[in-house]
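Visitor: How does the following fold in three dimensions:
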Amino acid sequence: MMRKRLFPYLISLPLLLAACQGSFDDQDNLTVFRYNEDGNISSLDPVYARNQSNIWATSQIFNGLVQLDQNLHITPSIAKEWTVSDDGLTYTFYLRDDVFFHESEVFGQELTRTVKAGDFVYSFSRIIDPKLNSPGLWVMNPLARKQNGELDMIALNDTVLQIKLEEPFPPFLGLLCMQYCSVVPREATAQKGSDFRKNPVGTGPYHFQFWKEGVKLVLRKNHRYFEFEGDARLPYTDAIAITFIMDRQTAFLEFVKGNLDILTRIDASYKDELLTQNGELRKTYQDRFYKITEPFLNTEYLGLLLDREEEKNLSAFQKQKIRLAINHAFDREKMLFYLRNNVGTPAHAGFVPVGMPGFTKNTGGYEYNPEKARRYLEEAGFPEGKGLPEFEISTNSQYLDITQFIQHELKKMGIPVSINVMPSATLREMMAKGESEIFRASWIADYPDAENYLALFYSQNKTPTGPNYTFFENKEFDRLYEKSLTIVNDSLRHIYYQKMDSIVLEYAPVVPLFYDQSLRFVPHYVTNLKVNPLNQMDLKRVKLEKNRD
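Guide: Numbers count the residues shown, from 1 in each chain. Got it, this is the predicted structure:
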């Protein structure tokens, strides 16, 4: 029965490819990297690259000016070098002249052309086009605007692009690494219109081949790709095949049977089958697979809604010492051991996660300390929690187990807690409206700069206009935040970031739970798979042995 249900996903890839674009010269030697996407890919247009499934797919098809390596260093891509003015307002990019768009009929008889600086002017302008309603609109916020509302950027010639910012924003280069900022050809979007989402033309290591939505997406090797590793032109594999098996247990079984070349996430349905309690790969699988793990820039936390009135009107929950008591009242190591097989790092250091450039272990962090929690409760006027009202944690079903663990541990300290389970969309809406007393949330970095996390506590970013869902406000924090945006030197800016994170620890508007880790399981015949803390899917250097058996 299972074989019949899965047959559409397991159709022979060479036959599928041949049906789409003729036969390969030598199908027996074809190397195809196969992965499953259990989230829906809604578009292959980079202006809609908001979620992980869209980002992973479009990152194979498109390039931007710059890119991130596995250590989150910003490195050249289509821009071979760049300069930044002393005032931090003008960025000048010098483009390669050997980058070609994928072959397409939109270019006429020539089938392709080189990328020019004007293509980036056009591509960035698409992001702010109100008709497209791109979720990446905010990425262009740092750019200055001309009187007519256009972005203040200009192609000085075919290979020199100049961008001007409204105010200094040191993380700007990191923003440009996002898929939203990929280059697209005007000819393709003009001819294909809204169908560009399913007929993309880019410059990346793979070009679009075939997409039956919800069934299979196939990408083929770009033989004119501009990046090399030594003398070898990238990419190494001939194709990528993406299936869409939504049931994670089923996808796991397909991986074990050898029908997929990577398992990209751990799920409760099979985590104990695959991992020991300590998070190691079980011996049963070690002869076939190996595990790749890296810090993932994702902080899992509880947000604590602060009162917007004066201090004298604060409720018991909103007192600083109550919030500190909650942070010291449960064992994060125990939580990760029993509920996540030690996948992740206990969040003792603050809100900025492990793996973020400039991260340091903060000595004033939230270690498990029942005595300190009891002392804070007593100093707040609630010895052993007596007289405390019941607090409600809003969460979704995905995080119910962790929320129940925290509920159990807090009750042992005398802190009464109830849980309200709701759909994710409802939870996000309540957070945006400031209607949830305590909310279970996570914050995944968009770009590799701690400002991405600390912006959640800047008073000018209070929801609904920004991501400050706790309504935290602190004058010294705001001063440091605003000052940090004027500092181009990374090392000096990181000092300001650490001071801000210490303020967050002191006032405790959040309860950091753990810093996430990315997990990837791959067969031994897969090598050279690169991983970075943004959990990007970089497949251009992946190698596959000829014989997978």
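Visitor: Next one: P416 from L304, what distance?
Guide: Taking Cβ to Cβ, to the nearest Å as the measure, P416 falls 15 Å from L304. C-beta here means a position set from N, CA and C on the backbone, and glycine is covered the same way.
Visitor: likewise A349?
Guide: The value you get for A349 to L304, if Cβ to Cβ is used, is 18 Å.
Visitor: same deal with L234?
Guide: Distance from L234 to L304, by Cβ to Cβ: 47 Å.
Visitor: Who has more neighbours out of those two?
Guide: Per other Cβ atoms under 10 Å, whichever of L234 and L304 has more neighbours is L304, with 24 against 17.
Visitor: Show me how the protein divides into domains.
Guide: Following automatic domain parsing, the chain resolves into domains at 2-258+529-544, 296-516.
Visitor: Which other helices and strands does the lengthiest strand in the chain contact?
Guide: The longest strand of the chain (DSSP state E) is strand 289-304. With contacts taken as 3 or more Cβ pairs under 8 Å, 6 or more residues apart in numbering; DSSP states H and E, strand 289-304 sits against helix 320-328, strand 438-444, strand 510-523.
Visitor: R126 is nearest to which of these?
Guide: strand 438-444 (24.3 Å; Cβ to Cβ).
Visitor: ok, the closest residue to V504 other than its chain neighbours - contacts?
Guide: Excluding its sequence neighbours, the residue lying closest to V504 (Cβ to Cβ, 6 or more residues apart in numbering) is F351, at 5.3 Å. Residues in contact with F351 (Cβ atoms under 8 Å, 6 or more residues apart in numbering) are 299, 301, 443, 453-454, 456-457, 501, 504, 510, 512.
Visitor: Which of the residues you listed sits closest to T83?
Guide: Nearest to T83 among those, with distances taken as Cβ to Cβ, is L454, at 27.3 Å.
Visitor: which non-adjacent residue is nearest F457?
Guide: Going by Cβ to Cβ, 6+ apart, F457 has F472 as its nearest residue, at 4.8 Å.
Visitor: Distance-wise, check the spatially closest residue to K146 that is not a sequence neighbour relative to G136.
Guide: Once flanking residues are discounted, K146 sits nearest to D152: 5.5 Å by Cβ to Cβ, 6+ apart. Distance of D152 to G136, given as Cβ to Cβ: 18 Å.
Visitor: higher neighbour count, those two?
Guide: Neighbour count, other Cβ under 10 Å: between D152 and G136, G136 has more, with 21 against 16.
Visitor: ok, that one touching D129?
Guide: No - contact criterion Cβ atoms under 8 Å: G136 and D129 do not qualify, at 11.2 Å.
Visitor: quick one, phi psi at the residue nearest to V504?
Guide: In terms of degrees, to the nearest 10, the main-chain angles of F351 are phi -90, psi -30.
Visitor: so R96 makes contact with I78?
Guide: Yes - at 5.9 Å, R96 and I78 qualify as touching, with contact defined as Cβ under 8 Å.
Visitor: Give the intersection of the neighbour lists for the two.
Guide: Common contacts of R96 and I78, defined by Cβ under 8 Å, 6+ apart, comprise 115, 226.
Visitor: These two - which one has more neighbours?
Guide: In this view R96 and I78 are compared by other Cβ under 10 Å, and I78 has more residues nearby, 24 against 16.
Visitor: angle of the top helix by length along the chain against strand 510-523?
Guide: Among all segments of the chain classified by DSSP state H, the helix with the greatest residue count is helix 490-507. Comparing the axes of helix 490-507 and strand 510-523 via axes from the mean of the first three to the mean of the last three Cα atoms, to 10 degrees yields an angle of 120 degrees.
Visitor: Can you tell me what sits against helix 490-507?
Guide: The contact list for helix 490-507, computed with Cβ under 8 Å, 6+ apart, reads 170, 320, 323, 349-352, 357-358, 360, 362, 364-366, 450-451, 454, 457, 472, 474, 476-477, 480-481, 483-484, 487, 510.
Visitor: Sort out which of the residues you listed are buried, if you could.
Guide: By neighbour count, with 16 or more other Cβ atoms under 10 Å, the contacts of helix 490-507 hold 170, 320, 323, 349-352, 357-358, 362, 365-366, 450-451, 454, 457, 472, 474, 477, 480-481, 484, 487, 510 as buried.
Visitor: Identify the bridge partners of L68.
Guide: Applying DSSP bridges to L68 gives these bridge partners: I74.
Visitor: Would you mind confirming that it is in contact with D449?
Guide: No - if you go by Cβ under 8 Å, L68 and D449 don't touch, sitting 11.4 Å apart.
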